[in-house]
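1. I'll drop the sequence and a predicted model, then ask my questions.
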Amino acid sequence: MRERIIDTAKKNGADLVGFAPASRFPADHSIFKIFPETKTVIGIAFRVLRGTFRGIEEGSTYYQYTTMAVENMEEVIMPAALLQVSLLLEEEGYLGIPQRRHQTVMEEEGSTNPEVAYNFIVRGVKEEPQFDFTDAAVLCGLGEKSFHGVLLTDEFGPMIRCCFVLTDAELEPTSLKEPHLCDGCKKCVSECPGHAIAADGSTDLWRCAVYYNGANGTRNPFMPPDAFADLEDRLEIIAGEAQVTPEKAKQILDRIIFYPPAKHSYQTSVCGRACDLACYIHLEEKGVLTKKFKIPFRRREPWKYELKDFE
Ligand code: SF4
Ligand code: SF4
């Protein structure tokens with residue numbers, strides 16, 4: 001059945017499949033709140049198309065990343081694979097409980113998810129536990145956790161998204177990966193246009209939301225010269241240097257109307273996940289990723305506007 005699960009996931013768009021016995025998870029982990037009889041967590045990972053980053057790299061097209069690498073994957077591709085794997089388990093007499101990201105529902109009261117509109121998020125929902133997907137993917141043997149807290153895989157580096165199936169079927173585990181990709185270079189930190197990642201690798205999610213959405217004018221080709229005209233610290237915002245509290249973040253996000261969002265409340269990524277991209281380029285340059293391409297991703301000096309364009 002293990003091979004049939006892998007085959008079904010791959011036929012439905014997955015690239016990597018890993019299996020973690022429930023014993024790898026702490027006894028108070030939310031997988032046991034969701035399904036106390038969990039015996040195996042199946043991790044299913046999908047590459048994020050490298051081509052979807054191209055338009056942002058060139059400063060030309062921005063919808064491709066958000067629609068094809070976020071929205072379509074979360075709303076279409078991953079649910080289809082989760083459904084088919086879970087159906088296979090049910091056919092064999094087991095339960096398959098699909099786990100996809102709750103993009104607009106969160107347990108925390110004061111946090112946010114940069115990928116969706118902040119005012120679409122319902123916060124403080126304790127009855128709908130959601131576990132840490134990066135940690136779970138590592139326990140499924142899919143890869144290692146990066147300095148800035150994302151999954152790094154041997155094949156695609158950080159260009160990967162994942163989902164899970166909890167099941168009462170006992171399936172042979174996948175070995176854990178020995179961390180070897182992240183070398184602590186901190187390019188993920190220095191390349192964020194909003195300085196949202198701290199020196200210890202933690203991310204300020206409100207700050208990330210602001211700059212994911214394009215508040216840094218030097219990296220946003222859609223921002224008019226008089227952007228944020230009513231805000232005193234407009235140049236600090238545009239430079240990526242503003243003080244950002246949750247309230248301030250909402251104020252800024254309400255004014256970022258230069259480029260329309262996608263559907264299902266997904267926001268268009270104007271930063272283009274610069275943190276992950278910097279990491280990917282670094283790993284590609286080091287030659288450590290197993291999926292090779294004919295030409296390197298970064299071909300030219302990255303484009304940039306000047307702060308004086310907004311003065
Ligand atoms: S850019 Fe990648 S390799 Fe470098 S510290 Fe960040 S996560 Fe690690
Ligand atoms: S580069 Fe973008 S996604 Fe990464 S931390 Fe900065 S704003 Fe967030």
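-> Cool, got the structure. Fair warning: this is a prediction, and the values are worked out from it, not measured in the lab. Ligands and ions are numbered 1, 2, ... in the order given.

2. ok, residue 259 - contacts?
-> 62, 214, 220, 222, 268, 270 (Cβ atoms under 8 Å, 6 or more residues apart in numbering). Yep, even glycine has a C-beta here, placed from its N, CA and C like the rest.

3. which pair of those spans the longest distance?
-> Maximum pairwise distance among the contacts of residue 259 (Cβ to Cβ): 10.6 Å, between 220 and 268.

4. on that earlier part again, pick the one among the contacts of residue 259 closest to ligand 1.
-> residue 270 (20.1 Å; Cβ to the nearest ligand atom).

5. just confirm the closest one contacts residue 213, I think it does.
-> Yes. Using Cβ atoms under 8 Å, residue 270 is in contact with residue 213, at 6.1 Å.

6. in its sheet, what does whichever strand or helix holds residue 19 sit against?
-> Here residue 19, judged by DSSP states H and E, is contained in strand 16-21. Paired strands of strand 16-21, with direction, are strand 40-47 (antiparallel) (DSSP bridges).

7. helices along the stretch 51-200 of the chain, start to end?
-> 54-58, 63-64, 72, 78-91, 133-139, 187-190 (DSSP state H, counting those that start in this stretch).

8. what does the stretch 151-300 of the chain put close to ligand 1?
-> By the rule Cβ under 6 Å from any ligand atom, the part of the stretch 151-300 of the chain lying against ligand 1 is 182, 183, 184, 185, 186, 187, 188, 278, 279, 282.

9. leaving out chain neighbours, which residue sits closest to the first one?
-> Beyond its immediate neighbours in the sequence, the residue positioned closest to residue 182 (Cβ to Cβ, 6 or more residues apart in numbering) is residue 146, lying 4.8 Å away.

10. the one you found touches residue 279, doesn't it?
-> Yes. Residue 146 is in contact with residue 279 according to Cβ under 8 Å; the separation is 6.4 Å.

11. quick one, which of these two is more surrounded?
-> residue 279 (26 against 22; other Cβ atoms under 10 Å).

12. let me know whether the strand or helix carrying the more buried one sits next to ligand 2.
-> For residue 279, the host element (DSSP H and E) is helix 274-286. Yes. Contact of helix 274-286 with ligand 2 (Cβ under 6 Å from any ligand atom) involves 274, 275.

13. now for that helix, which elements pack on it?
-> Applying 3 or more Cβ pairs under 8 Å, 6 or more residues apart in numbering; DSSP states H and E, we find helix 274-286 packed against helix 187-190.

14. confidence score at the most centrally placed residue in the chain?
-> Against the mean C-alpha coordinate of the chain, by Cα atoms, centre = their mean, the closest residue is residue 161 at 6.4 Å. Each residue has a pLDDT score; the one for residue 161 is 98.

15. and stretch 33-53, C-alpha only, in CSV?
-> Extracted in CSV, the C-alpha atoms of stretch 33-53 (Å, rounded to 0.1, in the frame of the first residue of the first chain):
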residue,chain,number,x,y,z
LYS,A,33,-6.1,16.1,18.9
ILE,A,34,-7.2,15.8,15.3
PHE,A,35,-7.0,11.9,15.3
PRO,A,36,-5.9,10.2,18.5
GLU,A,37,-5.5,6.9,16.6
THR,A,38,-2.9,8.3,14.2
LYS,A,39,-0.2,5.7,13.4
THR,A,40,1.5,7.4,10.5
VAL,A,41,1.7,10.9,9.1
ILE,A,42,2.2,11.0,5.4
GLY,A,43,3.9,14.1,4.1
ILE,A,44,3.3,15.1,0.5
ALA,A,45,5.4,17.8,-1.1
PHE,A,46,5.0,19.6,-4.4
ARG,A,47,7.6,21.7,-6.1
VAL,A,48,6.9,25.3,-6.6
LEU,A,49,7.5,25.9,-10.3
ARG,A,50,10.8,27.8,-10.7
GLY,A,51,9.2,29.6,-13.7
THR,A,52,6.7,31.3,-11.5
PHE,A,53,9.5,33.4,-9.9
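
16. that one close to ligand 2?
-> No. If you take Cβ under 6 Å from any ligand atom as the test, stretch 33-53 misses ligand 2, and the best it gets is 12.0 Å.

17. list the contacts for residue 52?
-> 64, 65, 68, 69.

18. what residue spans form the domains of the protein?
-> Following automatic domain parsing, one gets these domains for the chain: 2-167, 187-310.

19. joint contacts of residue 146 and residue 279?
-> Common neighbours of residue 146 and residue 279 (Cβ under 8 Å, 6+ apart) are 152, 158, 182, 188.

20. right, I'll call it a day here.
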